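Colleague: Quick check, what structure comes out for this input:
(chains A and B)
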2 protein chains.
Amino acid sequence: MAREAKPHRSGEFDLIAKYFAPLAAAAPGALALTDDAALIQVPTGQELVVSSDALVASVHFRSDDSPDLVARKALRVNLSDLAAMGAAPVGYTLATMLPRDIEESWIAAFAAGLAADQKAFGLSLLGGDTTATPGPLSLTVTIFGLVPAGRALLRRGARPGDLVAVSGTIGDGALGLDAASGALAGLSAEDADFLAGRYRLPQPRLALGQALRGIASAALDISDGLVADLGHIAQGSGVGMRLRVASIPLSPAAARAVARDGTRRGRILAGGDDYELALTISPENSTKLAGIAEATAVPITVIGEVVAGQGVRVADEAGREIGLPAGGYAHF
Amino acid sequence: MAREAKPHRSGEFDLIAKYFAPLAAAAPGALALTDDAALIQVPTGQELVVSSDALVASVHFRSDDSPDLVARKALRVNLSDLAAMGAAPVGYTLATMLPRDIEESWIAAFAAGLAADQKAFGLSLLGGDTTATPGPLSLTVTIFGLVPAGRALLRRGARPGDLVAVSGTIGDGALGLDAASGALAGLSAEDADFLAGRYRLPQPRLALGQALRGIASAALDISDGLVADLGHIAQGSGVGMRLRVASIPLSPAAARAVARDGTRRGRILAGGDDYELALTISPENSTKLAGIAEATAVPITVIGEVVAGQGVRVADEAGREIGLPAGGYAHF
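Modeller: Purely as a prediction, here's the structure:
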């Protein structure tokens, strides 16, 4: 869109042609990024799943983070939303708002990161927009997936008596952010690296999400914090939950971090950035969970139960309720 | 997504619930903006059309612009992309990156503008993201439309011998930007208001775009500038074009502005921001254009021809070629 009185020679089209068009080459509907819009075919019996996330330098990532990792994390947090719906990825659009003094090498490395994860997760760039900003580098990824019509995993299906379970290990993301910013004293270099890596490059649980269709009664991905996100299921389903802190699966590194400083337990419960799946499941379906965990090679751990009422309560090892901050992380 | 070590009390969920969830109430697939993603049904025989635009305060709009108009223009520039593809609008996702000191009244007026144009154009908010930024207010709108499968209007179908035509009047947007910023001396207040209004609130040509399916050989919306955008059709189709400057339709206000200062003709040809449709059409279909213009109440004017070769050349009243800046507006 033209907004300024003084047109100046393009870099926008050059950037798109050089770095972004190759990312769209495998998708005919992207029309080589040279048309007004992209086309997406949705097969009969499927519906499209759409999620959008904005990422801002200095808010969602550090300005000196590797552009390769910024790109891959931008895709992965969106892929995690598809996983939480039980959807298979198809493609994405990308809006990039770039400072005028950005180095072309940054864009090249960013595009290489996108290419790597496109290949890893089977999706293509479909379209987008590239513009300048006087502010921090900002990105919006809008991702598209397919799910059999009517079978998406939602947040609203949990019922009293259901079990509450999570994939993988919880708290690594938040502790990893602390480790990456030097705020996690006393850890071995190996543990700090492991946790920081979990923060920097989450693993979207796509195969698990798809396997849970028709099995889980509700699901989401843990981005705001375990308790806050389970609160979203509780609120959406009109139920409460009781969790046992001793059941929450920790990585060895996170367990050592908490053993060294018990206040870090708050980061496990409320820290966010896990991008693991949390789900509820009827007890009669629970035996299927072990098979799904084995088939997808992702550990699944039951951490509590759905109850009538509202709110998410967490009991410590002695059965006493743990006080929690109201709500999880929020941007305002 | 959690990124900071110190969680603080939500405004994000409150803002979404108060101002954005009502915009999604009519779309069941939006899941009340409380799930990980939205669902879009695409009827058999249709395909989805997707376009994404980023808008940054001080780049794409002025920080003191009315939030109502910012909202409506953000939707309309995207609706114009759907029009250019011959698609009917369905919905959109919205990523808002808001400065922390933003007034809630700004958000309320912004949401009211979205509501007004949702009603005017028949679409719903489907999802999105709200986050903070230390930079200027920024928005990404990703819009969705439907088109019968295989019948979208593309840029690549123009053939030598086709006529080149445009809807409405050209140049009002760029001259309107000049008028709004006080850079257009000697105009009557009425003319300045008319042009500024055309800049601030473009009219997406949705009915026209849909009527042109199967009739036009290529189409796009004019956002970068008439000649630059026709250059995109020429390049996409592997053809050239010859335009007659005297045939380009001007509003009375734009005609008076050019009569007063002939150098303003450059803004007509290269200024952009028209959001009119430009199209090519085989001469045997050209008689249908008058009927389409009448049915959609949008004037359509033939301004030149498609020729073999490449490039877009513009002839003045005496048939001499007019020199043009290389390319249209670009953001870098």
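Colleague: In the stretch 201-332 of chain A, what residue spans correspond to strands?
Modeller: A:216-221, A:240-244, A:277-281, A:300-307, A:311-315 (DSSP state E, counting those that start in this stretch).
Colleague: Listing partners with orientation, what would you give for the third one?
Modeller: The reference is to strand A:277-281. strand A:163-167 (antiparallel), strand A:216-221 (antiparallel) (DSSP bridges).
Colleague: Same list, those, but as a markdown table with mean neighbour count and mean pLDDT please.
Modeller: Quick note: C-beta positions are derived from backbone N, CA and C, even for glycine. Shown next, in a markdown table, are those (neighbours: other C-beta atoms under 10 Å in any protein chain shown; pLDDT from 0 to 100):
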| stretch | mean neighbour count | mean pLDDT |
| --- | --- | --- |
| strand A:163-167 | 24 | 98 |
| strand A:216-221 | 27 | 97 |
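Colleague: For A:Ala254, which of the strands of the stretch 201-332 of chain A is the nearest?
Modeller: strand A:300-307 (13.5 Å; C-beta to C-beta).
Colleague: What lies in contact with that closest one?
Modeller: A:158-167, A:208, A:234, A:237, A:239-244, A:247-249, A:280, A:286, A:289-290, A:292-293 (C-beta atoms under 8 Å, 6 or more residues apart in numbering or on different chains).
Colleague: ok, and the closest non-adjacent residue to A:Ala211?
Modeller: A:Ile292 (4.6 Å; C-beta to C-beta, 6 or more residues apart in numbering or on different chains).
Colleague: actually A:Gln235, not the one I typed
Modeller: A:Gln310 (7.3 Å).
Colleague: Chain B versus that neighbour, what's the distance?
Modeller: Distance of A:Gln310 to chain B, given as C-beta to the nearest C-beta, to the nearest Å: 15 Å.
Colleague: next one: phi and psi at the residue in chain A that chain B sits nearest to?
Modeller: Of all residues in chain A, the one sitting closest to chain B is A:Gly135 (1.9 Å; C-beta to the nearest C-beta). Backbone geometry at A:Gly135, expressed as degrees, to the nearest 10, gives phi -100, psi -160.
Colleague: which residues sit in contact with it?
Modeller: A:97, A:99, B:56, B:133-136, B:138.
Colleague: Any of these buried? List them.
Modeller: A:97, A:99, B:56, B:133, B:135-136, B:138 (16 or more other C-beta atoms under 10 Å in any protein chain shown).
Colleague: Kindly reformat the residues you listed as TSV and extend each row with pLDDT, secondary structure and distance to B:Ala315.
Modeller: Compiled in TSV, those are given as follows (pLDDT from 0 to 100; DSSP: H, G, I helix; E, B strand; the rest coil; distance: C-beta to C-beta, whole Å):
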residue	pLDDT	secondary structure	distance to B:Ala315
A:Met97	96	strand	39
A:Pro99	94	strand	41
B:Val56	95	strand	37
B:Thr133	95	strand	47
B:Gly135	95	coil	45
B:Pro136	96	coil	42
B:Ser138	97	strand	41
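Colleague: Relative to A:Ala257, which of the residues you listed is nearest.
Modeller: For these, the nearest to A:Ala257 is B:Thr133 (31.1 Å; C-beta to C-beta).
Colleague: Which strand residues bridge the nearest residue to that closest one once chain neighbours are set aside?
Modeller: Spatial nearest neighbour of B:Thr133, chain neighbours left out: B:Met97 (4.0 Å); criterion: C-beta to C-beta, 6+ apart. In this entry, B:Met97 is beta-bridged to B:Thr131, B:Ser138, by DSSP bridges.
Colleague: so B:Met97 makes contact with A:Ala54?
Modeller: Yes - contact status for B:Met97 versus A:Ala54: in contact at 5.4 Å, counting by C-beta atoms under 8 Å.
Colleague: Please tell me how far A:Ser282 sits from B:Ile233.
Modeller: 57 Å (C-beta to C-beta, to the nearest Å).
Colleague: Who has more neighbours out of these two?
Modeller: Neighbour comparison, A:Ser282 and B:Ile233: the larger count goes to B:Ile233, with 26 against 16 (by other C-beta atoms under 10 Å in any protein chain shown).
Colleague: residues in contact with that one?
Modeller: Here B:Ile233 is in contact with B:155, B:158, B:218-220, B:239, B:241, B:278, B:280 (criterion: C-beta under 8 Å, 6+ apart).
Colleague: Which helix or strand contains A:Leu48?
Modeller: strand A:46-56 (DSSP states H and E).
Colleague: Only C-alpha atoms, please: export stretch A:116-134 in PDB.
Modeller: What follows is stretch A:116-134, C-alpha atoms only, in PDB (Å, rounded to 0.1, in the frame of the first residue of the first chain):
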ATOM      1  CA  ALA A 116      14.100 -25.900   7.900                       C
ATOM      2  CA  ASP A 117      10.900 -26.100   9.900                       C
ATOM      3  CA  GLN A 118       8.700 -26.100   6.800                       C
ATOM      4  CA  LYS A 119      10.500 -29.300   5.900                       C
ATOM      5  CA  ALA A 120      10.400 -30.700   9.400                       C
ATOM      6  CA  PHE A 121       6.600 -30.200   9.800                       C
ATOM      7  CA  GLY A 122       5.300 -30.400   6.200                       C
ATOM      8  CA  LEU A 123       3.900 -27.000   5.400                       C
ATOM      9  CA  SER A 124       4.500 -24.100   3.000                       C
ATOM     10  CA  LEU A 125       4.500 -20.400   3.000                       C
ATOM     11  CA  LEU A 126       1.300 -19.300   1.300                       C
ATOM     12  CA  GLY A 127       1.300 -15.500   1.400                       C
ATOM     13  CA  GLY A 128       1.900 -12.500   3.500                       C
ATOM     14  CA  ASP A 129       3.100  -8.900   3.600                       C
ATOM     15  CA  THR A 130       6.500  -7.300   4.100                       C
ATOM     16  CA  THR A 131       6.600  -3.700   5.400                       C
ATOM     17  CA  ALA A 132       8.900  -1.300   7.300                       C
ATOM     18  CA  THR A 133       8.400  -0.200  10.900                       C
ATOM     19  CA  PRO A 134      10.100   2.500  12.900                       C
END
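Colleague: Any stretches of chain A with poor pLDDT?
Modeller: Along chain A, the parts satisfying pLDDT under 70 run over A:1-13, A:325-332.
Colleague: which residues of it fall in helices?
Modeller: In chain A, the helices defined using DSSP state H lie at A:12-15, A:67-85, A:104-121, A:172-180, A:189-200, A:206-211, A:226-237, A:252-260, A:265-270, A:286-296.
Colleague: Could you save the ones you listed as TSV and add columns showing distance to B:Asp193?
Modeller: As requested, the helices of chain A are exported to TSV (distance: least, C-beta to C-beta, whole Å):
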stretch	distance to B:Asp193
helix A:12-15	31
helix A:67-85	42
helix A:104-121	41
helix A:172-180	52
helix A:189-200	53
helix A:206-211	54
helix A:226-237	48
helix A:252-260	63
helix A:265-270	54
helix A:286-296	62
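Colleague: A:Phe121: neighbour count?
Modeller: 17.
Colleague: Equivalent analysis for A:Gly319, please.
Modeller: That count, for A:Gly319 with other C-beta under 10 Å as the rule, works out to 7.
Colleague: check contacts around it.
Modeller: No contacts exist for A:Gly319 under C-beta under 8 Å, 6+ apart.
Colleague: residues of stretch A:246-264 that come out buried?
Modeller: Buried residues in stretch A:246-264 (16+ other C-beta under 10 Å): A:248-251, A:253-254, A:257-258, A:264.
Colleague: Out of those, which two sit at the greatest distance?
Modeller: A:Pro249 and A:Arg264 (15.6 Å).
Colleague: re the thing from before, can you give me the neighbour number for the residue nearest to A:Gln235?
Modeller: For A:Gln310, using other C-beta under 10 Å, the count is 13.
Colleague: A:Gly236 is in contact with that one, correct?
Modeller: No - with contact defined as C-beta under 8 Å, A:Gln310 does not reach A:Gly236; the gap is 11.3 Å.
Colleague: Please name the nearest non-neighbouring residue to A:Arg264.
Modeller: A:Val258 (4.9 Å).
Colleague: so what's the one you found up against?
Modeller: Applying C-beta under 8 Å, 6+ apart, the residues near A:Val258 are A:171, A:250, A:264-265, A:268.
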